[in-house]
Structure formats: C-alpha cells, structure tokens
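got a predicted model here, sequence first, then my questions.
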Amino acid sequence: MLHTDIERLAASGASADRDLARATFARLREALSSGRGVEWGLSLATPVIVKYRDCRTDTGTELETWIR
C-alpha cells in the first residue's frame with residue numbers, strides 16, 4: 001500500500017531504495033491528481049537543484065552529498 005511504502009521509505013532515510021522511492025513518488029502524485037486531491041487543490045512537485053562548478057569548486061558540495 002502507498003501509506004506503508006511512504007512510512008518504510010521515511011524510516012529508511014538516506015539508505016532507502018531509490019527505485020522504490022521514485023515509484024512511490026509517482027503513485028503519490030497520481031493519487032493526488034485525482035479525487036479529493038483535485039477537490040482540495042493539492043499537488044506534488046519535486047525540487048530541482050542546479051549546480052554550478054568552476055575551477056574553484058572541484059570538490060563535491062555538502063548539499064550534493066546530503067541529497068544523495
């Protein structure tokens with residue numbers, strides 16, 4: 001069930017299975033795109049992070065490590 005998958009992923013934190021997380025996100029987005037989600041004006045989006053690197057930023061950023 002969607003609820004169970006969300007709880008399991010949240011409990012797993014950074015070690016959560018990425019494929020399961022993506023599939024669960026897609027199912028959640030679909031669920032919010034119909035029924036009461038539409039009535040209540042709910043939507044779901046994922047953040048997009050743009051990274052800039054040049055000769056002074058050759059090491060990974062802490063944000064990148066934290067996200068992964």
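Noted; the coordinates are in hand.

how about the contacts made by Thr24?
By Cβ atoms under 8 Å, 6 or more residues apart in numbering, Thr24 lies in contact with Leu2, Asp5, Ile6, Leu9. Glycine gets a C-beta too; all of them are placed from N, C-alpha and C.

again, only using 10 Å
Taking Cβ atoms under 10 Å, 6 or more residues apart in numbering, we find Thr24 in contact with Leu2, Thr4, Asp5, Ile6, Arg8, Leu9, Ala16, Asp17.

Arg36 now?
Counted by Cβ under 10 Å, 6+ apart, Arg36 has contacts Leu42.

tell me the confidence at Lys51?
Among the per-residue scores, Lys51 shows a pLDDT of 64.

where does this protein dip in pLDDT?
Applying pLDDT under 70 to the chain flags the ranges 46-68.

would you state the helices of it in chain order?
2-12, 18-32, 36-39, 62-67 (DSSP state H).

Serialize those to JSON lines and add fields for distance to Ala45.
What follows is the helices of the chain, written out as JSON lines (distance: least, Cβ to Cβ, whole Å):
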{"stretch": "helix 2-12", "distance to Ala45": "16"}
{"stretch": "helix 18-32", "distance to Ala45": "9"}
{"stretch": "helix 36-39", "distance to Ala45": "13"}
{"stretch": "helix 62-67", "distance to Ala45": "16"}
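
quick revisit: of the contacts of Thr24, which is the most crowded?
The residue in these with the most neighbours, by other Cβ atoms under 10 Å, is Asp5 (18 neighbours).

separation between that residue and Val38?
Asp5 is 22 Å from Val38, where distance means Cβ to Cβ, to the nearest Å.

that concludes my questions; thank you for your assistance.
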